[in-house]
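**Q** Output the structure for:
(chains A and B)
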Protein chains: 2
Amino acid sequence: MEIWETLNRELALDMSPFLKVESHTVKLPDGQIINDWPWLESPSFVNIAAITQDEEFLCFRQVKYGVGGQTLAPAGGYIVPGEQPMAAAKRELLEETGYESYHWENMGEFVVDGNRGNGVAHFFLAREVYQVLEPDADDLETQELLKLSRAELEAAVARGAFKVLPWQAIMAMTLLRW
Amino acid sequence: MEIWETLNRELALDMSPFLKVESHTVKLPDGQIINDWPWLESPSFVNIAAITQDEEFLCFRQVKYGVGGQTLAPAGGYIVPGEQPMAAAKRELLEETGYESYHWENMGEFVVDGNRGNGVAHFFLAREVYQVLEPDADDLETQELLKLSRAELEAAVARGAFKVLPWQAIMAMTLLRW
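**A** Residues are numbered from 1 along each chain as shown, chains lettered A, B, ... in the order given. From the prediction side, this is the model:
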């Protein structure tokens, strides 16, 4: 199995810093050439599954524009240019929840769209988190911090209460490791 | 918690049928107005976790452009306009693997990007699948059909061998239900 070759990339739309769209000319292994393959450049992001010293799961209830209503959400956010994913995870957890941890696990990285890129999701598990500050997120969304038991998290995942794809992914992965 | 209001939407880029980009004017609950919120319109898609009558998991090894190399992958594909997600799931499973099932479960739907849309992932679990045809996918990717034991699927999920976000999500969700 051979990879597809990128023969050319042209900028089709620039809505920096959140989105650039490129049009790629792509050569398939059988020689077929596709001239207008859409490709999305978006900031990569982290999500953090945080379990407290009391075995409670930290998450938010918030409104998201892409959902058009309320959803449960883990801590997370875009990676700043030049920042390592783990550093971004520690920063976002502290900013959004006021919690820190000595026990971090990298749960892997996953390209958002297998055809068109659109950034990479980096997932981390922080165990035995403890509060050091009040939350100080500068996010646009208002949000309410919740603590769920393992049984409550299982029920939330089963009913799809984390309505955004990367959040459902990290929640299901967390239940496999908890 | 109030939802954000969409005051205006303008087409910023048209790469139909796979991608349209809009620029939204959005009003936040505190009255703040954002004039150039990027929004992605992409086809929604299905993925199917398929477990055979012998308790083996059907998946593919394939090359994906967004991965830049090989990855494991479940059956799946874009929903055709007007098609119901369940119908798309049955069609894609049959086309890509030649298998059918009498035992389908809807595992939920998740917006790909909580900020910018980019389509909805619909996940299905098909149990006791059985072969009725040879595979006949018209996909651009060459792919090899694999059968994994539950232990092999657990190992693949733990090491991130499904390298695309929705695929890791449905795999982890499947292990929670298997």
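
**Q** quick one, what contacts A:Phe123?
**A** Applying Cβ atoms under 8 Å, 6 or more residues apart in numbering or on different chains to A:Phe123 gives the contacts A:46-49, A:106-110, A:166, A:169-170, A:173. C-betas here are computed from N, CA, C, even on glycine.

**Q** Now with 6 Å, please.
**A** A:47, A:107-108, A:170 (Cβ atoms under 6 Å, 6 or more residues apart in numbering or on different chains).

**Q** domains of chain A?
**A** For chain A, the structural domains run A:5-41, A:45-177, going by automatic domain parsing.

**Q** So which of the contacts of A:Phe123 reach chain B?
**A** Applying Cβ under 6 Å from any Cβ of the partner chain to the contacts of A:Phe123, one finds that A:Gly108 fall near chain B.

**Q** Return the subset of the contacts of A:Phe123 lying in strands.
**A** Judged by DSSP state E, the subset of the contacts of A:Phe123 located in strands is A:47, A:107-108.

**Q** any idea which of the domains of chain A is most buried?
**A** Greatest average neighbour count among the domains of chain A goes to domain A:45-177 (a mean of 19), per mean count of other Cβ atoms under 10 Å in any protein chain shown.

**Q** circling back: between the contacts of A:Phe123, which is closest to B:Phe60?
**A** Closest approach between the contacts of A:Phe123 and B:Phe60, by Cβ to Cβ: A:Gly108, at 19.4 Å.

**Q** Tell me what A:Lys64 is bridged to.
**A** Assessed by DSSP bridges, A:Lys64 has beta-bridge partners A:Gly69.

**Q** Tell me the confidence at it?
**A** Note for A:Lys64: predicted pLDDT of 95.

**Q** Isn't it up against B:Asn115?
**A** No - counting by Cβ atoms under 6 Å, A:Lys64 stays clear of B:Asn115, with 7.2 Å between them.

**Q** Run through the residues of chain A sitting next to chain B.
**A** So far as Cβ under 6 Å from any Cβ goes, chain A lies against chain B at A:1, A:3-4, A:12-13, A:15, A:18-19, A:21, A:38, A:63-67, A:69, A:108, A:110-115, A:117, A:121, A:142, A:160, A:164-165, A:168-169, A:172-173, A:175-176.

**Q** Go through chain A and flag its longest strand.
**A** strand A:117-131.

**Q** what distance separates it from the centre of its chain?
**A** Taking Cα atoms, centre = their mean, to the nearest Å, one finds strand A:117-131 lying 7 Å from the centre of the chain it belongs to.

**Q** Spell out the secondary structure type for A:Met173.
**A** With DSSP: H, G, I helix; E, B strand; the rest coil as the basis, the three-state label of A:Met173 is helix.

**Q** which ones are touching the closest residue to it other than its chain neighbours?
**A** With sequence-adjacent residues excluded and distances taken as Cβ to Cβ, 6 or more residues apart in numbering or on different chains, A:Met173 is closest to B:Ala172, at 4.7 Å. B:Ala172 makes contacts with A:172-173, A:176, B:157, as judged by Cβ under 6 Å, 6+ apart.

**Q** Next, format those residues as TSV and append pLDDT.
**A** Formatted as TSV, the contacts of B:Ala172 follow (pLDDT from 0 to 100):
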residue	pLDDT
A:Ala172	98
A:Met173	98
A:Leu176	97
B:Val157	97
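
**Q** Tell me the one among those nearest to A:Ile34.
**A** Comparing the contacts of B:Ala172 against A:Ile34 with Cβ to Cβ places B:Val157 closest, at 31.3 Å.

**Q** Look up phi and psi at that closest one.
**A** phi -70, psi -40 (degrees, to the nearest 10).

**Q** My guess is it contacts B:Met171. True?
**A** Yes - shown here, B:Val157 and B:Met171 form a contact pair, counting by Cβ under 6 Å, at 4.8 Å.

**Q** how far off strand B:5-15 does the host helix or strand of A:Leu13 point, in degrees?
**A** Using DSSP states H and E, the element containing A:Leu13 is strand A:5-15. Angle of strand A:5-15 versus strand B:5-15, following axes from the mean of the first three to the mean of the last three Cα atoms, to 10 degrees, is 150 degrees.

**Q** Tell me where chain A has strands.
**A** A:5-15, A:19-27, A:33-41, A:45-52, A:57-64, A:69-73, A:75-78, A:99-100, A:103-113, A:117-131, A:143-148.

**Q** Looking at those, which is nearest to B:Gly31?
**A** strand A:57-64 (15.2 Å).

**Q** Could you check chain A and say which of its helices or strands has the lowest average pLDDT?
**A** When each helix and strand of chain A is scored by mean pLDDT, DSSP states H and E, strand A:143-148 comes last, with a mean of 93.

**Q** low-confidence ranges in chain A?
**A** Within chain A, the stretches with pLDDT under 70 are A:137.

**Q** What are the neighbouring residues in contact with A:His103?
**A** By Cβ under 6 Å, 6+ apart, the neighbours of A:His103 are A:127-128.

**Q** beta partners of it?
**A** The partner residues for A:His103, given DSSP bridges, come to A:Arg127.

**Q** what do you get for A:Asp14?
**A** A:Lys20.

**Q** A:Glu41 is in contact with that one, correct?
**A** No - counting by Cβ under 6 Å, A:Asp14 does not reach A:Glu41; the two are 9.6 Å apart.
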